[in-house]
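In: Here is my input; please provide its structure:
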Amino acid sequence: MSYSAPAGYNSFSEYYDTLMQNVGYKARCEYIMKAFERLNHDMGLSLDLACGTGSLTVELKKNGVDVYGIDASYDMLSHAREKAEENGLDILFLCQKMQSIDLYGTIDTCVCTLDSINHLVKTSDVQKTFDRVSLFMNKGGYFLFDANTIYKHREVLADNTFVYDTDDVFCVWQNSLKENNVVEIELDFFEREGNVYYRTDEKFSERAYSDEELTSMLEKAGFEVVERFSDMTFETPKVDDQRVVYIARKK
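Out: From the prediction side, this is the model:
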């Protein structure tokens, strides 16, 4: 489960870190750094795109990466700034949409994790995002992102319902599979205060894209795909993978 909240979405930002405890940001950070080591790439100035509450951004910064974060949600970024301050880190966070980022200068590396690309349900928005990343990417720079697969949308998310019960919140996740591998998602949160439960909700959609679609859009943006891996591995993706990691190089 993952989410990069659109501007104006605020309920999920309150529960995001609680529901994402099993993500393992430290391990994901180590994986990303190892992936670039395999390519002999110095991450240089890096962008954490759709950074959410900044957990990965903070881990990268702790490991010496010169990184800043961008997300479309003010509420998510509020938590990200608090997290950076709690860790004594000076990290710049900008509130911008992925498909219209406007950076101060060029970057050497961009990472975009936990299926944030899937939250763009229009191919035109994915293309715009790739184009904008390419515009600010130095030649020879790398763009690493992951994406939920069509298999996951059709066979795992589909029309299923999931329940997450934590000490802080009870969450019901309901899916509805639509055309073009789009899954409409409804989240209902129930937070207990004394003997009373307070309910809030969020609605959003995710779309899965084929490897051919993503590769084509990357090439149009001036990238070439150099690696594709099963999530958190350096193995060739399998037909039943739920998430695939792409590493593309700016031509």
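
In: hang on, Asp146 packs against Gln242?
Out: No. With contact taken as Cβ atoms under 8 Å, Asp146 and Gln242 are classed as non-touching, separated by 10.2 Å. No exception for glycine: its C-beta is placed from N, CA and C like everyone else's.

In: Show the residue spans covered by the strands in the stretch 51-200 of the chain.
Out: When assigned using DSSP state E, counting those that start in this stretch, the strands of the stretch 51-200 of the chain occupy the ranges 66-71, 93-95, 107-112, 137-148, 161-165, 170-177, 182-193, 196-207.

In: helices or strands next to the helix or strand following the last one in the packing?
Out: So that's strand 196-207. Counting by DSSP states H and E, the next helix or strand C-terminal to strand 196-207 is helix 211-220. With contacts defined as 3 or more Cβ pairs under 8 Å, 6 or more residues apart in numbering; DSSP states H and E, the secondary structure elements packing on helix 211-220 are helix 123-136, strand 223-230, strand 243-250.

In: Tell me which residues are up against helix 211-220.
Out: The contact list for helix 211-220, computed with Cβ atoms under 8 Å, 6 or more residues apart in numbering, reads 117, 123, 126-127, 130-131, 143, 147, 224-225, 228, 237, 244, 246, 248.

In: how about the strands of the stretch 51-200 of the chain, which one is nearest Ala80?
Out: Proximity of the strands of the stretch 51-200 of the chain to Ala80 was assessed by Cβ to Cβ; the nearest stretch is strand 93-95, lying at 5.2 Å.

In: coming back round to it: which one's more surrounded, Asp146 and Gln242?
Out: Taking other Cβ atoms under 10 Å, Asp146 and Gln242 do not tie; Asp146 has more neighbours (22 against 15).

In: count of residues packed around the residue nearest to the more buried one when sequence neighbours are not counted?
Out: Distances taken as Cβ to Cβ, 6 or more residues apart in numbering put Val245 closest to Asp146, at 4.7 Å, once the chain neighbours are dropped. Under the neighbour criterion other Cβ under 10 Å, Val245 is assigned a count of 22.

In: which ones are touching Val245?
Out: If you count contacts by Cβ under 8 Å, 6+ apart, then Val245 has 35, 144-146, 227-232 around it.

In: Redo the residues you listed as JSON lines? Include pLDDT and distance to Glu184.
Out: Formatted as JSON lines, the contacts of Val245 follow (pLDDT from 0 to 100; distance: Cβ to Cβ, whole Å):
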{"residue": "Ala35", "pLDDT": "98", "distance to Glu184": "32"}
{"residue": "Leu144", "pLDDT": "99", "distance to Glu184": "28"}
{"residue": "Phe145", "pLDDT": "98", "distance to Glu184": "23"}
{"residue": "Asp146", "pLDDT": "98", "distance to Glu184": "21"}
{"residue": "Glu227", "pLDDT": "98", "distance to Glu184": "32"}
{"residue": "Arg228", "pLDDT": "98", "distance to Glu184": "28"}
{"residue": "Phe229", "pLDDT": "98", "distance to Glu184": "29"}
{"residue": "Ser230", "pLDDT": "98", "distance to Glu184": "27"}
{"residue": "Asp231", "pLDDT": "97", "distance to Glu184": "23"}
{"residue": "Met232", "pLDDT": "97", "distance to Glu184": "27"}
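
In: Alright, calling it a day.
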